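A.B. asks: Sequence first, predicted model second:
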4 protein chains.
Amino acid sequence: MNRTPNIYRMTITCPDRPGLVAAVSGALFAKGANILEAQHFADRLSGTFFMRIEFQLDQPRDVLKPALDRLEAEGMRINLRCAGEPQRVLLLVSKFDHCLVDLLYRERLGEIDAHFVGIVSNHSQEVLRTWIPEHIPFHHLPVTPGTKAAQEAGIKRIVEESGADLIVLARYMQILSDDLASFLSGRCINIHHSFLPGFKGAKPYHQAHARGVKMIGATAHYVTSDLDEGPIIHQDVELVTHADLPEDMIRKGRDVERRVLARAVSDHLEQRVLIDGHRTIVFRD
Amino acid sequence: MNRTPNIYRMTITCPDRPGLVAAVSGALFAKGANILEAQHFADRLSGTFFMRIEFQLDQPRDVLKPALDRLEAEGMRINLRCAGEPQRVLLLVSKFDHCLVDLLYRERLGEIDAHFVGIVSNHSQEVLRTWIPEHIPFHHLPVTPGTKAAQEAGIKRIVEESGADLIVLARYMQILSDDLASFLSGRCINIHHSFLPGFKGAKPYHQAHARGVKMIGATAHYVTSDLDEGPIIHQDVELVTHADLPEDMIRKGRDVERRVLARAVSDHLEQRVLIDGHRTIVFRD
Amino acid sequence: MNRTPNIYRMTITCPDRPGLVAAVSGALFAKGANILEAQHFADRLSGTFFMRIEFQLDQPRDVLKPALDRLEAEGMRINLRCAGEPQRVLLLVSKFDHCLVDLLYRERLGEIDAHFVGIVSNHSQEVLRTWIPEHIPFHHLPVTPGTKAAQEAGIKRIVEESGADLIVLARYMQILSDDLASFLSGRCINIHHSFLPGFKGAKPYHQAHARGVKMIGATAHYVTSDLDEGPIIHQDVELVTHADLPEDMIRKGRDVERRVLARAVSDHLEQRVLIDGHRTIVFRD
Amino acid sequence: MNRTPNIYRMTITCPDRPGLVAAVSGALFAKGANILEAQHFADRLSGTFFMRIEFQLDQPRDVLKPALDRLEAEGMRINLRCAGEPQRVLLLVSKFDHCLVDLLYRERLGEIDAHFVGIVSNHSQEVLRTWIPEHIPFHHLPVTPGTKAAQEAGIKRIVEESGADLIVLARYMQILSDDLASFLSGRCINIHHSFLPGFKGAKPYHQAHARGVKMIGATAHYVTSDLDEGPIIHQDVELVTHADLPEDMIRKGRDVERRVLARAVSDHLEQRVLIDGHRTIVFRD
């Protein structure tokens, strides 16, 4: 993670064609940018080209504008950010705070390059019992079946007023309406448990126990209107045994959930994740 | 793995009640058996008690008979085997031989304590192309929709004539009839791929690719009439990335399949796996 | 983890001989104890027998005393604790608080069954910047080469006054004197980084980077007078790549350190770890 | 793995400077090559630039020659190979054949893109007992202290006559002379066990057992004159427990050894591994 103000990260998505790497790297080189790291991938099935570049530029960023405008005119979708300006992140949480605590802690250690602009919960801070740093605003937005629309309007307002770049559902247990899911689409990460085989319906850990699974997992994905079916960013598993009761599985599940969510958020913030239809491209180094 | 002829492995299953460990260990001690390793587990939900004991006995095994008869009369289901007499194992395979090759190799190395009594395939040895040691009989039992009943009768006959204790479906791609599945129930292990989330229908690796999963897995389980839903013995996963095409996932899948099957077979043969309804108890050391 | 007051955990260590399991389980059964879980292991090389039993007893614990006294008279070293009385744990920390934060958090979630009786640091709470729950006393014991003996005397006093059962060096970066190490021997867990291959001397992460290792690890072990050589309780690794600078390795190292330490502490507190000379026996379920 | 004859893989190593990506991708584009995959890495500490490109070229390879000559004249070290021409690999083995069997099998499955040009062993095929495909020549080169120089001369001759691109020490237990190690330097991969902590001297698994380690590992590395200290390509570990005797550790060690070696060989053959002094750069997708 590099917060130096003259380091930039850029992602590019466009239909694949010969000469793209040459065009991009040539344009950057012509303006004095020095490429530190670059990865690209051409999805042969969808015919889409994806690129991530990290470069150093010791002049004002504006010198790149004409070149980038030209590339965009040629059909490239470009996302350029300065590594010195962390993205603004809004956290949503319900009662279980293991993911929230973990993200706050990793940010403090510098493992996650975020500026947390607020925490929204449908529970009060007394219920949540999490120690929240004073500089992060806490919004208690309770919800009942009758007030759901108004509560979601409140969430939208906080997203807009806080200027959040990314919204993280850190074990936010309310089902989003299609409207809110669409509003957040592509800029919202959710975490949920996963099992081999999958289980439908309530109390999945109890079902997993009854079926005697030997592994439980977690999946972090982007939110789309199809709630638990958005593009997958990261997955991991933990071993369980016959001796693990459903509550032990839930405990082990917490560990894998927080680890998987932190990794997905961190990769997103470093612009390592690009969406490719129902899939993601994840450029790890 | 201990093949010394005076080492025994015993498993016990019965309704849980106080004093079971004392009763079993007392009975063994009274006859001069020295317990080398013992594990037990009481499933509080089903109220069933499971125990595995490895012991040394320097007298003829018959000295234990009265004591074991008494324990069985008290409701214990006992399975006693001498570590010096490897179980008889029959392997079923179709076209893909990665699991077959792996099991043959591990047996040769002494990692799997089996006596392979035969290999059955619905393909000929020419198609299979596997190098099979001369002392293992190979049975080519081709199958067509019209001959399935006769072919399965052939399998049953080989199971019986070979005296197989365990049948391993090492990527045997034919769906077993309910009748054959019942015949093999509890003494037959199957391996199949697993995904997070699960995919129904054909070409699961292509579906997994389209969905952009980051892990693929494999599950080894006992065969019951519910083909892919029998009690799970072992599971594991491999990482995949956006760059893995369906054929890459299939290749990585082979690796995890053979690893998971070998472990399940080995655990079964060392009597480490006990069936508990839809679940298994696996005593690992 | 079971805090019910009528649940007990007992460990036994003694020279191996036939009949031990029968003797122990018989003695418990005779007094109405119901064994919920039991594991034992006989180390054939050292000739030592190790056992861990979890049992339920609905009468006062004293009813067991005559039987346990008899077993002890026969040479068994017995350690019996009630699951309803969490052990008293003292935490030592220097500047890096990732392990401290993690342990505090897991205790709050109920993942670690401890009663934290204090935190000792050679740095002030201002330097440490950790949020510490009010009910846990914080002791700032600064140390200089000249005051080391006095500071260690202070640590010993806190250990005694707090009645600590376990002392955890949660990244406590001072080298313990032989005297303090002996004082804490067998009841103190330390965490340190580990590498393949190992590196001697200062700045091990920089050495690991220069050597291009692909994995870094952590080891949790009991403290003996041989500081980093005590019996190992748990180990794990994280993958690193050529792109990881020494500071990235340090960050990944934090993750594996806190995970490994938490696991070791939790296993110790549930009496799953028994010392066998330079080794440990770890009974996991 | 792509064996299509018009697919090429190219690696580039040179001192880092701005404009390298642009220069290479521009040169390829000008000749009609379509980049399918590209990765690069600039080692800030050594100031070296590394790149791997996979591209499609539908014209004869010679059209690139002038451009590549120019890049080489500018100081780039270029290694270009056609994916349709598998590299020639010579295998050296002693008595333990688990790595040999594994490599032969993976090549047959198409997991390793090699043309095996021979197997050299200091033991006869009768001792080795491995089933070796008929088309691979087997060379029995016995060695005694007195014949070591002559035997190594035999190895050199086979390396040269077979035109081997890569030599794999698949558990070849003879210590290479400095002379042979230098002769093979940079084109020879070795596998050896690794431990946390490391152990010097004979019988390392017995030492690891005595010390109670909870993990054992393996490291694949390039051979240099410093036998076990060459640049590391890949590492992995397996869990062990107190119940694993030294022989169990050796068995688990075999599993991790063959997995790690296969991965290193495969990565090398796909030109994913570049040497950077004492380190390697490994470009995985």
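C.D. replies: All right, it came through fine. Residues are numbered from 1 along each chain as shown, chains lettered A, B, ... in the order given.
A.B. asks: what about A:Val63, which SS state?
C.D. replies: helix (DSSP: H, G, I helix; E, B strand; the rest coil).
A.B. asks: Might one say that it is in contact with A:Ala30?
C.D. replies: No - between A:Val63 and A:Ala30 there is no contact under CB atoms under 8 Å: 9.8 Å. Bear in mind the C-beta positions are built from the backbone N, C-alpha and C, glycine included.
A.B. asks: residues contacting A:Gln56?
C.D. replies: Contacts for A:Gln56 (CB atoms under 8 Å, 6 or more residues apart in numbering or on different chains) come out as A:4, A:6-8, A:33-34, A:36.
A.B. asks: where's the closest residue to A:Phe138 other than its chain neighbours relative to chain C, distance?
C.D. replies: Leaving aside its sequence neighbours, A:Phe138 sits nearest to A:Ile119 (CB to CB, 6 or more residues apart in numbering or on different chains; 5.1 Å). A:Ile119 sits 16 Å away from chain C, going by CB to the nearest CB, to the nearest Å.
A.B. asks: Relative to the host helix or strand of A:Ile119, what are the paired strands and their orientations?
C.D. replies: Using DSSP states H and E, A:Ile119 maps to strand A:114-121. Sheet pairing of strand A:114-121 (DSSP bridges) gives strand A:87-93 (parallel), strand A:138-140 (parallel).
A.B. asks: residues contacting A:Asp97?
C.D. replies: Contact partners of A:Asp97, counting by CB under 8 Å, 6+ apart, are A:128-130, A:170-171.
A.B. asks: one step back: any idea which of the strands paired with strand A:114-121 is most buried?
C.D. replies: For those, average neighbour numbers computed from mean count of other CB atoms under 10 Å in any protein chain shown are highest in strand A:87-93, which has a mean of 23.
A.B. asks: What separates the first and last residues of stretch A:168-184, distance-wise?
C.D. replies: End-to-end distance for stretch A:168-184, by CA to CA, to the nearest Å: 10 Å.
A.B. asks: chain center to it, what's the gap?
C.D. replies: In terms of CA atoms, centre = their mean, to the nearest Å, the centre of stretch A:168-184 is found 13 Å from the chain centre.
A.B. asks: in it, what's buried?
C.D. replies: A:168-172, A:174, A:176, A:180-181, A:183-184 (16 or more other CB atoms under 10 Å in any protein chain shown).
A.B. asks: in chain A, which spans are helices?
C.D. replies: In chain A, the helices defined using DSSP state H lie at A:20-30, A:65-73, A:98-109, A:125-128, A:148-162, A:178-184, A:204-211, A:246-269.
A.B. asks: among these, which gets the worst mean confidence?
C.D. replies: Note on the helices of chain A: helix A:204-211 shows the lowest mean pLDDT, a mean of 87.
A.B. asks: Number of residues surrounding the nearest residue to A:Asn122 once chain neighbours are set aside?
C.D. replies: Nearest residue to A:Asn122, sequence neighbours excluded (CB to CB, 6+ apart): A:Val143, at 4.7 Å. Neighbourhood size, A:Val143 [other CB atoms under 10 Å in any protein chain shown]: 17.
A.B. asks: who touches A:Val143 in this structure?
C.D. replies: Neighbouring residues of A:Val143 by CB under 8 Å, 6+ apart: A:122, A:151, A:174.
A.B. asks: Out of the helices of chain A, which is closest to chain B?
C.D. replies: Chain B lies closest to helix A:204-211 among the helices of chain A, at 6.0 Å (CB to the nearest CB).
A.B. asks: For the stretch 1-150 of chain A, what lies in contact range of chain B?
C.D. replies: Counting by CB under 8 Å from any CB of the partner chain, the positions of the stretch 1-150 of chain A adjacent to chain B are A:41, A:43-44.
A.B. asks: Mind listing what's buried along stretch A:92-105?
C.D. replies: Neighbour-count burial for stretch A:92-105 flags A:92-94, A:96-105 (criterion: 16+ other CB under 10 Å).
A.B. asks: err, stretch A:201-214, not the other one
C.D. replies: In terms of neighbour count (16+ other CB under 10 Å), stretch A:201-214 has its buried residues at A:204-205, A:207-209, A:211-214.
A.B. asks: Tell me the one among these nearest to chain D.
C.D. replies: Proximity of those to chain D (CB to the nearest CB) peaks at A:Lys214, which lies at 14.7 Å.
A.B. asks: Who does the nearest residue to that closest one once chain neighbours are set aside form a beta bridge with?
C.D. replies: Distances taken as CB to CB, 6+ apart place B:Gln235 nearest to A:Lys214, at 4.4 Å, with adjacent residues excluded. Beta bridges link B:Gln235 to B:Thr219, judged by DSSP bridges.
A.B. asks: Quick one: neighbours of B:Gln235, just the number.
C.D. replies: 23.
A.B. asks: for A:Pro133, same thing?
C.D. replies: A:Pro133 has 11 nearby residues by other CB under 10 Å.
A.B. asks: isn't it right up against A:Leu104?
C.D. replies: Yes - using CB under 8 Å, A:Pro133 is in contact with A:Leu104, at 6.9 Å.
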